[in-house]
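Visitor: sequence-free structure coming up:
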């Protein structure tokens, strides 16, 4: 929907910046969040930014308020901000577990709680939560991350049941291994091991994820809600 206002958390780098860039090209008014309130050099012209710490409800409230004052009510939201703190189960600290869950799952919940107010008033809205294949596939050393991403599925389906009658949809996009700075840093042996498990035989591109998000935000996807859309080259096989 051209002219609609979209907020993308963690939209200052990686997948989040790719999503924000695609949505700008689609004709949306786009506001990104970053912890610093700044965008990197080379960010696309026209991309707005507000400071936001998704672990802090007051910060989320201030960010949404500032974005709406600048560009109008939000009718589209992409909850992308996330962190990792990988560690084996027996070595993982309480802080490593709770910190990841509070950011990835709690942050999405705080955003939806605040941003849904404008959508409810407008009786329309699209929400996309950026999950991960790990959330349903599992991964050793990522009990915290996997739990947080699996939780997004329950969040999306509960929001669908609560707000679906108000014209609001909520879906999860679940990327697999995407070609980012993180995968670029892997040694060749690990890269080949991961690639061997992906039926498509390649890592995904940020544009692959952005395209799926773009579709789910469009009016054409208005009858899709509570779904998990994999963008993983077949790795998860519908898990």
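Guide: Right, received. Where do you want to start? Here the structure is a predicted model, which means the values were calculated and not measured.

Visitor: May I see the buried residues of the lowest-mean-pLDDT helix or strand in the chain?
Guide: The helix or strand of the chain with the poorest confidence is helix 181-184; it has a mean of 72 (mean pLDDT, DSSP states H and E). Neighbour counts over helix 181-184 (16 or more other Cβ atoms under 10 Å) mark no residue as buried. All C-beta atoms are positioned from the backbone trio N, CA, C, and that covers glycine.

Visitor: And for stretch 40-55?
Guide: Going by 16+ other Cβ under 10 Å, stretch 40-55 has these buried residues: 43, 47, 48, 49, 50, 52, 53, 54, 55.

Visitor: what's the closest of those residues to residue 202?
Guide: residue 43 (26.8 Å; Cβ to Cβ).

Visitor: so is that closest one in a helix, a strand, or just coil?
Guide: Taken by DSSP: H, G, I helix; E, B strand; the rest coil, the conformation at residue 43 corresponds to coil.

Visitor: give me the element the closest residue to it other than its chain neighbours is part of.
Guide: The shortest distance from residue 43 to any non-neighbouring residue, by Cβ to Cβ, 6 or more residues apart in numbering, is to residue 17 (6.9 Å). According to DSSP states H and E, residue 17 maps onto helix 14-26.

Visitor: Which elements pack onto that helix?
Guide: Other helices and strands packing on helix 14-26, by 3 or more Cβ pairs under 8 Å, 6 or more residues apart in numbering; DSSP states H and E, are strand 5-8, strand 29-34, strand 76-79, strand 125-130, helix 206-217.

Visitor: residues in contact with it?
Guide: 2, 6, 8-11, 30, 32, 40, 43-44, 46-47, 76, 78, 80-81, 130, 175, 178, 180-181, 206-207, 209-211, 213-214, 217 (Cβ atoms under 8 Å, 6 or more residues apart in numbering).

Visitor: let's go with 6 Å and repeat that
Guide: Residues from elsewhere that reach helix 14-26, judged by Cβ atoms under 6 Å, 6 or more residues apart in numbering: 6, 8, 10-11, 30, 32, 44, 46-47, 78, 80, 180, 206, 209-210, 213-214.

Visitor: Would you map the helices across the chain?
Guide: 14-26, 57-71, 94-101, 107-122, 134-137, 143-163, 181-184, 188-197, 206-217 (DSSP state H).

Visitor: In a markdown table: those, plus distance to residue 36.
Guide: Putting those into a markdown table (distance: least, Cβ to Cβ, whole Å) gives the following:
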| stretch | distance to residue 36 |
| --- | --- |
| helix 14-26 | 14 |
| helix 57-71 | 12 |
| helix 94-101 | 19 |
| helix 107-122 | 16 |
| helix 134-137 | 27 |
| helix 143-163 | 23 |
| helix 181-184 | 18 |
| helix 188-197 | 31 |
| helix 206-217 | 21 |
